[in-house]
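S.K.: Provide a 3D model corresponding to the input given below.
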Amino acid sequence: MPRSSVPIPVIHAPPLGALLRQYAAGSALTCDPVEQGLLNRGYRLRTTHGRYFLKHHFDPETADPAAIARQHRATQRLADLGVPVAPPLAGTDGRTVAVVGGHAYALHPWIDGRHRHGGQLTTAQCARLGALLGVVHASLERVMERVMATQGRAPAKPPADARPGQDQGQGQGQALKGTADDMAETPEGTPDRGQGAKDGAQVSPEGTEGAGPTGNTGARAHEGTDPARGADPADTFALIDRLLARVRSHRPPDAFDELARHRLLERRALLEKHADRRPPQGGSVGWVHGDFHPFNLLYRDGEPAAIVDWDRLGVHPRAEEAVRAAMIFFVRPVGALDLAKVRAYARAYRRAAGAGPAELAAAVHRVWWERLNDFWMLRWHYERGDTRADPQFPAASALAVWWTREYDAVCEAFTG
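M.R.: Below you'll find the predicted structure:
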């Protein structure tokens with residue numbers, strides 16, 4: 001599709017009358033779309049009863065009402081443990097998912113806060129960020145057995161080599177405790193937009209950068225390890241050739257085409273050099289948020305106020321989520337990582353999640369390989385005519401090259 005003909009996404013107007021009656025949330029005063037992400041749609045809603053975040057679960061892969069209800073029960077149980085989340089409100093029928101006109105919606109309290117990337121966090125705050133994710137992983141292992149039991153499904157078994165994190169059951173406040181000096185304010189480069197804002201984050205549509213436009217997002221039973229191997233370089237070479245053909249066919253070429261061509265040729269050379277480093281099957285798995293990045297975490301007064309958007313809740317390698325999150329939080333515009341902040345984050349994560357250095361080292365290798373074989377942004381651009389991820393491409397594509405060159409230093413930052 002020519003780029004000039006890429007359709008502008010149409011915003012589906014929510015059926016406010018029916019929804020507000022179902023939630024007994026008063027009458028609508030204002031309803032404004034928040035900045036759209038790559039999956040679902042959100043609205044800042046003000047009614048005669050207060051302020052809310054209305055979420056339209058629009059993406060077909062995450063719009064199953066039963067799966068949404070499972071996410072809702074998980075966040076409520078996490079809130080009971082002291083994890084900062086924003087559980088949904090129940091309707092007059094006791095349900096948290098409202099299906100109107102074939103569309104699934106949920107109503108959440110509005111959370112005032114700011115999104116912060118790693119450059120806006122102190123080293124101490126980076127440590128508390130790692131501890132927060134570790135507490136999430138440890139707490140999910142506790143709560144999901146009960147959540148799955150309510151649906152009549154066998155709970156996922158905990159990883160055989162996992163051990164309880166020292167902060168389990170203590171609430172995230174203990175894990176994230178710090179001094180007043182540690183919590184000193186940092187520059188607030190991101191305006192106060194509250195729940196649902198998504199612009200600019202270096203994230204994939206699936207939360208897992210290597211997953212691309214498709215991915216397994218449902219909960220699945222597991223036997224302690226992820227059976228999937230890393231991407232086959234033969235498949236990646238074929239994809240590179242197809243994308244290069246797409247780049248060459250665009251006339252006249254523009255700056256994005258030039259960068260894409262450079263990165264594709266560069267990546268092919270790197271893969272030819274490192275093809276023998278394809279990782280084996282994955283390590284221990286557990287319940288994860290699935291999309292942990294700066295625009296799914298709100299800060300207020302220097303403290304995490306709410307982890308939002310649990311659409312990708314599922315069973316996956318835990319440590320890989322920790323590594324992927326760091327790649328998003330701590331990447332600099334030039335495509336390098338702030339390794340000092342990564343080190344503080346990773347140490348705190350390991351303590352809170354009960355993860356050892358070997359688990360993190362294996363995750364670093366698998367996510368590095370994933371990034372080396374990852375072209376979802378280019379596939380969206382050239383195969384789907386969707387340019388929304390284009391601003392992410394320069395830093396994300398540079399990171400894979402930098403990471404390959406600094407592989408040992410990155411591994412040490414996560415394990416030292």
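
S.K.: List the buried residues for stretch 13-31?
M.R.: Neighbour-count burial for stretch 13-31, counted by 16 or more other C-beta atoms under 10 Å, picks out 14, 16, 19-20, 22-23, 25, 28, 31. Every C-beta, even on glycine, is put in place using the N, C-alpha and C of the backbone.

S.K.: residues making contact with that stretch?
M.R.: 43-50, 52, 54, 56, 89, 91-93, 98, 100-101, 105, 107 (C-beta atoms under 8 Å, 6 or more residues apart in numbering).

S.K.: Now do it, average pLDDT.
M.R.: Per-region confidence: stretch 13-31 scores 94 on mean pLDDT.

S.K.: one step back: pick out the most distant pair among the buried residues of stretch 13-31.
M.R.: The span of the buried residues of stretch 13-31, defined through C-beta to C-beta, is set by Q22 and C31 at 15.4 Å.

S.K.: Now for V147: which residues touch it?
M.R.: 70, 73-74, 77 are the contacts of V147 under C-beta under 8 Å, 6+ apart.

S.K.: Would you mind checking the residues you listed for buried ones?
M.R.: The neighbour-count test (16+ other C-beta under 10 Å) applied to the contacts of V147 identifies 70, 73-74, 77 as buried.

S.K.: Give me the nearest residue to H316, chain neighbours excluded.
M.R.: Nearest residue to H316 in three dimensions, chain neighbours excluded: V288, at 5.1 Å (C-beta to C-beta, 6 or more residues apart in numbering).

S.K.: Is that neighbour in contact with V315, as I believe?
M.R.: Yes: applying C-beta atoms under 8 Å as the test, V288 and V315 come out as touching, 7.5 Å apart.

S.K.: What separates the first and last residues of stretch 321-336, distance-wise?
M.R.: By C-alpha to C-alpha, to the nearest Å, the extent of stretch 321-336 from end to end equals 19 Å.

S.K.: Also stretch 40-58?
M.R.: 5 Å.

S.K.: related to what we said a few turns ago, report the buried members of the contacts of stretch 13-31.
M.R.: 43-45, 47, 52, 54, 56, 91, 98, 105, 107.

S.K.: returning to what we had before: filter the contacts of stretch 13-31 down to the ones in helices?
M.R.: If you go by DSSP state H, the contacts of stretch 13-31 have nothing in helices.

S.K.: Just the residues you listed: which are in strands?
M.R.: Among the contacts of stretch 13-31, DSSP state E puts 43-47, 50, 52, 54, 56, 98, 100, 105, 107 in strands.

S.K.: Identify, from these, the entry nearest to A322.
M.R.: H56 (29.8 Å).

S.K.: OK, contacts around the closest one?
M.R.: Going by C-beta under 8 Å, 6+ apart, H56 touches 12, 14, 40-43, 103-105.

S.K.: Apart from its chain neighbours, what residue comes closest to it?
M.R.: Using C-beta to C-beta, 6+ apart and skipping residues adjacent in sequence, the residue nearest H56 is R41, 4.3 Å away.
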